[in-house]
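> my questions concern the predicted model and sequence given below.
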Amino acid sequence: MSKRKVQSSVTRRSLLKGAALAGAAVATPLVAHAQTAPATGPARTTPPPNPEIDTLAYRVDGSPIVQTTSGSDFMLDVLKSLKFDYLVATCASSFKGLHESVVNYGKNVAPEFLTTTHEETSVAIAHGYAKIENKPLLVCAHGTVGLQHASMAIYDAFCDRVPVFLFIGNTFDAAERRNEVIWVHSSQDDAAMVRDFVKWDDRPGSLEHFAESAVRAYKIAVTPPMAPVLLSVDTTMQEGPIPEGKKLQIPKLPVIAMPQGESGAVAEAAKLLVAAENPVIVADSYGRNQQAVDHLVELAELLQCGVIDLASRMNLPSRHPLNQSNRGNRATVGQADVILGLEVVDFWGITHAFHDQIITSTASTTRPDAKIISISSGDLFIKSNYQDFQRYEPVDLAIAADAATTLPSLIEAVRHEITANRRLAFQARGAKLGDAHKAALTRVRSDAAYGWDASPVSTARLSAELFEVLRNEDWSLASTKPSGVSNWPQRLWAMDKYYHYTGDSGGNGIGFGAAAAVGVALANRAHGRLTVTIQPDGDLMMGPGILWTAAHHKIPILYVMHNNRGYHQEYMGLQKMANRRMRGIDQAHIGTTLRQPFIDYATIAKGMGVYAEGPIADPKDLGAALRRAVAVVKRGEPALLDVLTIGR
């Protein structure tokens, strides 16, 4: 077979721009590089593969096929119009068309490709990022198998009402499935496996359809209640040229006005709150930005009423005298005559006690005459299969609206209702609540002193030592499960910015925290904030590759390992079950602990390119190690401290 040179006017850049071959539009069949001509035809003179032009295709006469347009280039133009900062993905063949367009046509800028080692990690990064920026990242995943990997993290984002934009590659045309792998990675309806926990999905049939659906999906994702959306995108449409003569348009993304409570219902809520003798506000997934936090402070101070922060996000400054979170539900919600819930997911859970015994029982903890008001966007969208909507609570007034958007009008309505006499009563109430806040904080600090010098390290001391090195920084506590460390950061730290705590997963899926914290740190990097997380050991082992992603992309984050060497929630549950059956607890470690061998997280982190120390067992060594690690993070790199801790 004779060798021929490719014409000098054909460059690698011109040949590879785009995602597939323009020759699809011509009738001449294609022949692969290594094939010989059919026995009935003339001998082929096509040269062997050129390593500099490794995806070049040829017609049977040996002439190269050059692609001048690309479907995925247009798709990227559409996605750029939505202003995605990053594309997060584990690379895969079903979206290689878009991948190539991002790195070459788009110069790997806005979006920039962020490399992960697992699709669940990709979605969790986007989840954490949205907690800071209140907008989605673009996540790509591969056909059937990549979407299955991603599904747990998608469910977390759905439960947490967080926007994520999913681009799923799939080869729909059976004639385009070139081998058995593509067959098993394709499906008729890949979105079916997650349809119950995405807000909207579509399968675009053309480039025009893709443009409309992408803009529509973004709009749906960021309208409360926010949630993931998914587009299943054909590989052939990505990789092929733009059909000749097509004049493609990108629809305009509108300014999105958030749904606000109806004025009459807001006025009625204001009357109930002003007339109440002991109103309480309960805030859950409410404080998504600083304006929302500031409005909650304004309403609480106007009413001089107590606020319970459920710690799904930072909703009210922790040291504000009206913050009554440390007092417990019976002393607050249990004594209230009017309860206002702001984006409360589990309203029944805050008004009832549940006793998990051999025969389970429940009891109401509220006054019989208490009036309950709910302002929640959750009422605007609900699905039946997955039970994230929790037990039904018969509230007296349900305002289906975004609470953060509704609060300014509620503040004005309350201000209109307040008389001079009521204002005097409010002042007396506020003074008592301030005293109760101080007393509760004193008790918390006293409780934190127990086991201060113990080894393994108490979670109270771990939290206190960590805050000591953060207090003079602009910091963000990312994706730390509060119950896993007995809520010590929420109880001990001075939090007053919405980003001071970004909350847990929503769906309580293990494997969320380590990756979501990187998403928070990615967003905070642009703002110059120091991001830390108290990282459970079992959670990290679900996806330790996130450490490599943090190192590779130089995402500054401090992981402080809460290394209790087990799945402590399940360990306690097994002990409780064994006690119930009077069998003893000496076997409860089987299947619930990470022993024999113990895991060396510092060595794992170093192997991923992350600065690491540990394991640290003596609490006296903790402060200095934290300061060294913070110095690493402040110079723009990730760090990990492995700290041996008590159960929680």
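Cool, the structure landed.
> pLDDT-wise, which helix or strand of the chain ranks last?
Using mean pLDDT, DSSP states H and E, the weakest-scoring helix or strand in the chain turns out to be strand 30-31, at a mean of 30.
> Thr442: what secondary structure?
helix (DSSP: H, G, I helix; E, B strand; the rest coil).
> give me the pLDDT for it.
Listed pLDDT for Thr442 reads 97.
> contacts only, for the residue nearest the centre of the chain.
The C-alpha lying nearest the average C-alpha coordinate of the chain belongs to His127 (CA atoms, centre = their mean; 1.6 Å). By CB atoms under 8 Å, 6 or more residues apart in numbering, His127 lies in contact with 153, 156-157, 160, 162, 164, 505, 512, 516, 519. Where C-beta positions appear, they are placed from N, C-alpha and C, glycine not excepted.
> by pLDDT, give me the weakest of those residues.
Lowest confidence among these: Ser505, with 91.
> residue contacts, that one?
By CB under 8 Å, 6+ apart, Ser505 lies in contact with 127, 156, 159-160, 479, 481, 512-513, 516.
> excluding its backbone neighbours, what's nearest Phe426?
In space, and not counting its chain neighbours, Phe426 is closest to Gln304: 3.8 Å by CB to CB, 6 or more residues apart in numbering.
> burial count for that neighbour?
Gln304: 21 surrounding residues under other CB atoms under 10 Å.
> quick one: the spatially closest residue to Arg161 that is not a sequence neighbour and Met258, what's the gap?
Using CB to CB, 6+ apart and skipping residues adjacent in sequence, the residue nearest Arg161 is Pro225, 4.7 Å away. Distance, Pro225 to Met258, using CB to CB, to the nearest Å: 11 Å.
> tell me which of the two has more neighbours.
Legend: neighbour count by other CB under 10 Å for Pro225 and Met258, higher for Pro225 (20 against 14).
> so the more buried one makes contact with Gly378?
Yes - the criterion here is CB atoms under 8 Å, and Pro225 meets it with Gly378 at 5.6 Å.
> mutual contacts of the two, please.
Applying CB under 8 Å, 6+ apart, one finds that Pro225 and Gly378 are jointly contacted by Arg161.
> now the helices for the stretch 401-550 of the chain?
Using DSSP state H, counting those that start in this stretch, the helices of the stretch 401-550 of the chain run over residues 403-417, 420-448, 459-470, 488-492, 513-525, 537-542, 546-552.
> quick check: which of these is buried the most?
Among these, helix 513-525 has the highest mean neighbour count (mean count of other CB atoms under 10 Å), at a mean of 29.
> for it, name the packing helices and strands.
Applying 3 or more CB pairs under 8 Å, 6 or more residues apart in numbering; DSSP states H and E, one finds that helix 513-525 contacts helix 119-133, strand 475-477, strand 530-536, helix 537-542, helix 546-552.
> now these in TSV, with mean pLDDT and distance to Val280?
Converted to TSV, these look like this (pLDDT from 0 to 100; distance: least, CB to CB, whole Å):
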stretch	mean pLDDT	distance to Val280
helix 119-133	97	26
strand 475-477	98	25
strand 530-536	97	29
helix 537-542	95	33
helix 546-552	98	39
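> hang on, Cys91 is in a helix, isn't it?
No - according to three-state DSSP, Cys91 belongs to no helix; its state is coil.
> which residues touch stretch 325-339?
The contact list for stretch 325-339 (CB under 8 Å, 6+ apart) reads 272-273, 275-282, 306-311, 318, 324, 350-351, 365-367, 369-373, 436-437, 440-441, 443-444, 490-491.
> tell me the mean pLDDT for that stretch?
Here stretch 325-339 scores 92 as its mean pLDDT.
> assign Cys140 to helix, strand or coil.
Put simply, Cys140 is strand when judged by three-state DSSP.
> which strand residues bridge the nearest residue to it once chain neighbours are set aside?
Leaving aside its chain neighbours, Cys140 sits nearest to Ala89 (3.9 Å; criterion: CB to CB, 6+ apart). Beta bridges link Ala89 to Thr115, Cys140 when assigned by DSSP bridges.
> quick one: Asp453 and Asp618, what's the gap?
9 Å.
> of all the helices of the stretch 401-550 of the chain, which one is nearest Gly591?
Closest approach to Gly591 among the helices of the stretch 401-550 of the chain (CB to CB): helix 537-542, 12.2 Å.
> pull the residues that contact the closest one.
Everything outside helix 537-542 that qualifies as a contact, by CB under 8 Å, 6+ apart, is 120, 481, 510-514, 546, 559, 561-567, 594, 599, 601.
> and the residues you listed, which are buried?
Neighbour-count burial (16 or more other CB atoms under 10 Å) is assigned, among the contacts of helix 537-542, to 120, 481, 510-514, 546, 559, 561-567, 599, 601.
> of those residues, which belong to strands?
Among the buried ones among the contacts of helix 537-542, the members falling in strands are 559, 561-563 (criterion: DSSP state E).
> list just the nearest of those to Ala431.
Closest to Ala431, out of all of those and judged by CB to CB, is His562, at 38.4 Å.
> distance of the closest one relative to Ile510?
With distances taken as CB to CB, His562 is found 13 Å from Ile510.
> joint contacts of those two?
Residues touching both His562 and Ile510 (CB under 8 Å, 6+ apart): Pro536.
> distance of the residue nearest to the centre of the chain from Ala153?
When distance is defined by CB to CB, His127 is 7 Å away from Ala153.
> overlap in contacts, the two.
Counting by CB under 8 Å, 6+ apart, the common neighbours of His127 and Ala153 are Phe512.
> coming back round to it: now do the contacts for the residue nearest to Cys140.
Contact partners of Ala89, counting by CB under 8 Å, 6+ apart, are 95, 99, 113-116, 119, 122, 139-141.
> for Asp202, same thing?
When contacts are counted by CB under 8 Å, 6+ apart, Asp202 touches 209, 213, 216-217, 230-232.
> next, give phi and psi for it.
Main-chain dihedrals, Asp202, degrees, to the nearest 10: phi -150, psi 160.
> so what pairs up with it in the strands?
Here Asp202 sits in beta bridges with Leu231, as judged by DSSP bridges.
> just Ala639 next, same as before
Leu558, Tyr611.
> any idea how far it is from Phe354?
Using CB to CB, we find Ala639 at a distance of 40 Å from Phe354.
> who has more neighbours out of those two?
Taking neighbours as other CB under 10 Å, Ala639 and Phe354 compare with Ala639 leading, 26 against 11.
> and the more buried one, what is it in contact with?
Applying CB under 8 Å, 6+ apart to Ala639 gives the contacts 557-559, 610-612, 629-630, 632-633.
> so which of the helices of the stretch 401-550 of the chain gets nearest Gly205?
Nearest of the helices of the stretch 401-550 of the chain (CB to CB): helix 513-525, 32.2 Å.
> pull the distance from the closest one to the chain's centre.
Here the centre of helix 513-525 is set off from its chain's centre by 9 Å, with CA atoms, centre = their mean, to the nearest Å.
> which residues in the stretch 201-350 of the chain form helices?
Using DSSP H, counting those that start in this stretch, helices in the stretch 201-350 of the chain cover 207-222, 235-239, 263-275, 290-303, 347-351.
> reformat those helices as a markdown table; add distance to Ile382.
Formatted as a markdown table, these follow (distance: least, CB to CB, whole Å):
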| stretch | distance to Ile382 |
| --- | --- |
| helix 207-222 | 15 |
| helix 235-239 | 33 |
| helix 263-275 | 19 |
| helix 290-303 | 22 |
| helix 347-351 | 14 |
